[in-house]
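K.L.:
need a structure here:
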Amino acid sequence: MTRRLTLTIIAILAGFCAARGSEPGMAAIPATIYRPLFRAEKAPRDLPVAAFQLDVRPVTNGEFLVFVRENPKWQRSKVKGLFADERYLTHWAGDLEPGNARPEQPVTNVSWFAAKAFAASQGKRLPTTAEWEAAAGAGFTVVDGSTEKEFQQAVTLWYGTPSPALLPDAGTGRANFFGVRDLHGLIWEWTSDFNSALVTGDARGDTGLERQLFCGAGSLGASDPGNFAAFMRFGFRSSLRAGYTVHNLGFRCAKDL
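P.N.:
Below you'll find the predicted structure:
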């Protein structure tokens, strides 16, 4: 199947998914094919991705505050060290006091465990890497962002710009073809993926989901060796463990369609 025909089918499916509808605050992402940046020697080159729903914007401080109020074990002073490091929510003034962290800013300094627990509390889950890439690979006006110069320039600019001390509010970025915002240009995002080609000391002899975790941001979803953004993302992933927290690492939720 040619690339043009594939993209035409995806565009048709995008309209189909939109017609089926999605939950408030979520966008429908059509079924597609994901090609991992790295893969095992005998692993399939292409991975099918079923249609799904993805939050239009990252989870905010305000939303996470409601979560920790209802789930005290995830409050900063009560979370177990196994599930979050010492930087967990350090930018908040207290357990239930975000302080200078505005309610509409994306929540950061949260571990994979905390993000996974929040998603479950909403009846959702974290997106897989393939799902995240399927959504993030779309340009502003076309399905395939690699063909849109303006989109590629925006992604490249983000990688060359340090994260500001005061993050913009979530959802203020330009929407992509699917109506999803801030997949690029705001924060890195946790994802959960079983199809890892990454092997680290933590992965040896351990197939648990928490050992096969990923984050995503600024990806064009390509396996092109010239796609430096994808390689930067891969490098960042390899530095993480499930309990790590980072000042510009947050998350959004997904759900089956």
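
K.L.:
next helix or strand past the helix or strand bottoming out on mean pLDDT in the chain?
P.N.:
Between all helices and strands in the chain, the lowest mean by mean pLDDT, DSSP states H and E belongs to helix 3-20, at a mean of 53. On the C-terminal side of helix 3-20, the nearest following helix or strand under DSSP states H and E is strand 26-29.

K.L.:
Run through the neighbouring helices and strands of that next one.
P.N.:
Using 3 or more C-beta pairs under 8 Å, 6 or more residues apart in numbering; DSSP states H and E as the contact definition, the elements that strand 26-29 packs against are helix 3-20, strand 52-55, helix 129-136. All C-beta spots, glycine's among them, are computed from the backbone N, C-alpha and C.

K.L.:
Let's verify the most centrally placed residue in the chain: helix, strand, or coil?
P.N.:
With distances taken as C-alpha atoms, centre = their mean, the residue of the chain nearest its centroid is E189 (3.8 Å). E189 falls in the strand class when you classify it by DSSP: H, G, I helix; E, B strand; the rest coil.

K.L.:
so it makes contact with F251?
P.N.:
Yes - the criterion here is C-beta atoms under 8 Å, and E189 meets it with F251 at 5.2 Å.

K.L.:
Mind listing the shared neighbours of those two?
P.N.:
Common contacts of E189 and F251, defined by C-beta atoms under 8 Å, 6 or more residues apart in numbering, comprise P58.

K.L.:
wait, what's in contact with L96?
P.N.:
65, 68-69, 75.

K.L.:
Out of these, name the two that are farthest from one another.
P.N.:
The most widely separated members of the contacts of L96 are L65 and Q75, with 10.0 Å between them, by C-beta to C-beta.

K.L.:
Near E131, how many residues? Count them for me, please.
P.N.:
Using other C-beta atoms under 10 Å, E131 has 25 neighbouring residues.

K.L.:
I'd like the distance between it and R241.
P.N.:
As for E131, its distance to R241 is 22 Å (criterion: C-beta to C-beta, to the nearest Å).

K.L.:
same check, this time on H247
P.N.:
Separation of H247 from R241 (C-beta to C-beta): 16 Å.

K.L.:
L126 too?
P.N.:
Taking C-beta to C-beta as the measure, L126 and R241 are separated by 16 Å.

K.L.:
and those two? which has more neighbours close in?
P.N.:
Here L126 and R241 are compared on neighbour count by other C-beta under 10 Å; more neighbours surround L126, at 26 against 13.

K.L.:
Name the nearest residue to that one, ignoring sequence neighbours.
P.N.:
The spatially closest residue to L126, leaving aside those adjacent along the chain, is S192, at 4.2 Å (C-beta to C-beta, 6 or more residues apart in numbering).

K.L.:
Just list whatever residues bridge to that neighbour.
P.N.:
Following DSSP bridges, S192 is listed with bridge partners L213.

K.L.:
Near it, how many other residues are there?
P.N.:
For S192, the tally of surrounding residues (other C-beta under 10 Å) stands at 24.

K.L.:
I'd say it and K116 touch.
P.N.:
Yes - here S192 lies in contact with K116, judged by C-beta under 8 Å, at a distance of 6.7 Å.

K.L.:
Common neighbours of those two, please.
P.N.:
Here S192 and K116 share the contacting residues 125-126, scored by C-beta under 8 Å, 6+ apart.

K.L.:
Can you verify M232 is assigned to a strand?
P.N.:
No - counting by three-state DSSP, M232 is not part of a strand but helix.

K.L.:
So it sits against T156, correct?
P.N.:
No - with contact defined as C-beta under 8 Å, M232 does not reach T156; the gap is 10.8 Å.
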